[in-house]
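J.: This is a predicted model, with the sequence first.
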Amino acid sequence: MGTKVWYPNLSEGRSSVSRSIEQLVNQQVMRWLKEQQSSVGAVALHTREVQRPMVTISRQYGALGATIGRRVAEQLGFEYYEQELVHEIAKQAHVRQKIVASLDERSQSRIGSWVNDMMSGGLFAPSDYLKNLSQVIITLGRHGRSVIIGRGAHLILDPKQTLRVRAYAPVEDRTRYIARRDNLTKAAARRKVVRIDEERASFYQQHFKNDVGDPLNFDLMLNTSTLGIEECASTVAAAYKRRFEGPVN
């Protein structure tokens, strides 16, 4: 199975983005329904109350975590979800409902209970956005075989069924990359890198009460400047196979 990259052009107008996301969700739900129609898929999705294996990638801005995630999805034959897409689905009620409705009623109920427990227990901030975001990410986890970029997915999903990766790199290397990619001066690129790093740190503190770079939240920490994109992707794919599919020959 080839990789399906869920990534509409979010620079389009809002109505176009909304239509693009709804189309993508409809396509994915149809794929899941086809899986359920097969005997193996039906048993898996209607009897499994736990998450299926997943990969999440958290990253510093400019550390190429999303690029590595695409490569990992290609190597494993997984679905690939950009953080912008997951964010937009979480915001759109009718699209979010389609995603959650792709599971049976028992699984839907357990998702609601899990999210409520996390918020009432003080682990997550009790916000509507985080509740919606968690519902989307947990639903993707129930279907499994996916790579999710950012949005705190490594904190939302079951760590026993998730390979949690953190991509990082020295600020100087990230600055050079952003300057080249966005045609910025070095000073402007560095300001952008610092600003977005701070925004991401604030997001995690606000919603998860958590340090975005805490190594205890990850299974694999990758310095993308030292290893490079292809080696990082191969390392993640091999780690996933060894953990969830047995030793790699």
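T.: Sure, I can see it. If you're wondering where the values come from, they're calculated on a predicted model, not measured in any experiment.
J.: Could you export the host helix or strand of residue 172 as CSV, CA atoms only?
T.: Residue 172 is part of helix 171-182, with elements assigned from DSSP states H and E. The C-alpha trace of helix 171-182 is given here as CSV (Å, rounded to 0.1, in the frame of the first residue of the first chain):
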residue,chain,number,x,y,z
VAL,A,171,19.7,26.5,16.0
GLU,A,172,22.5,27.6,13.6
ASP,A,173,21.7,24.7,11.2
ARG,A,174,18.0,25.3,11.5
THR,A,175,18.5,29.0,10.8
ARG,A,176,20.5,28.3,7.7
TYR,A,177,17.8,25.9,6.4
ILE,A,178,14.9,28.3,7.0
ALA,A,179,16.9,31.2,5.5
ARG,A,180,17.5,29.2,2.3
ARG,A,181,13.9,27.7,2.2
ASP,A,182,12.1,31.0,2.8
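J.: what comes up buried for that helix?
T.: Neighbour-count burial for helix 171-182, counted by 16 or more other C-beta atoms under 10 Å, picks out 171, 173, 174, 175, 176, 177, 178, 179. For the C-beta atoms, the positions are set from N, CA and C on the backbone; glycine is no exception.
J.: Give the next helix or strand downstream of that helix.
T.: Taking DSSP H and E, what comes next after helix 171-182 is helix 186-208.
J.: and that next one with helix 171-182, angle?
T.: 110 degrees (axes from the mean of the first three to the mean of the last three C-alpha atoms, to 10 degrees).
J.: counting contacts, what elements does helix 186-208 pack onto?
T.: Counting contacts by 3 or more C-beta pairs under 8 Å, 6 or more residues apart in numbering; DSSP states H and E, helix 186-208 is packed against helix 128-143, helix 171-182.
J.: For residue 73, find the nearest of those helices.
T.: helix 128-143 (12.7 Å; C-beta to C-beta).
J.: which one of the buried residues of helix 171-182 sits closest to residue 76?
T.: Using C-beta to C-beta, residue 177 comes nearest to residue 76 of the buried residues of helix 171-182, at 25.2 Å.
J.: Give me the secondary structure label for the nearest residue to that closest one once chain neighbours are set aside.
T.: With sequence-adjacent residues excluded and distances taken as C-beta to C-beta, 6 or more residues apart in numbering, residue 177 is closest to residue 62, at 5.1 Å. Here residue 62 takes the coil state, with states given by DSSP: H, G, I helix; E, B strand; the rest coil.
J.: Can you name the residues that contact residue 62?
T.: Neighbouring residues of residue 62 by C-beta atoms under 8 Å, 6 or more residues apart in numbering: 169, 173, 174, 175, 177, 178, 193.
J.: hang on, the earlier thing: helices or strands next to the helix holding residue 172 in the packing?
T.: Counting by 3+ C-beta pairs under 8 Å, 6+ apart, helix 171-182 packs on helix 186-208.
J.: so how far is the helix it packs on from its chain's centroid?
T.: Averaging C-alpha positions (C-alpha atoms, centre = their mean, to the nearest Å) puts helix 186-208 18 Å from its chain's average.
J.: what about the chain, any weak spots by pLDDT?
T.: Within the chain, the ranges that satisfy pLDDT under 70 run 1-19, 32-33, 35-49, 94, 96-98, 100-126, 247-249.
J.: now the contacts of residue 62 in TSV, with distance to residue 204?
T.: Shown next, in TSV, are the contacts of residue 62 (distance: C-beta to C-beta, whole Å):
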residue	distance to residue 204
169	19
173	23
174	18
175	22
177	23
178	21
193	17
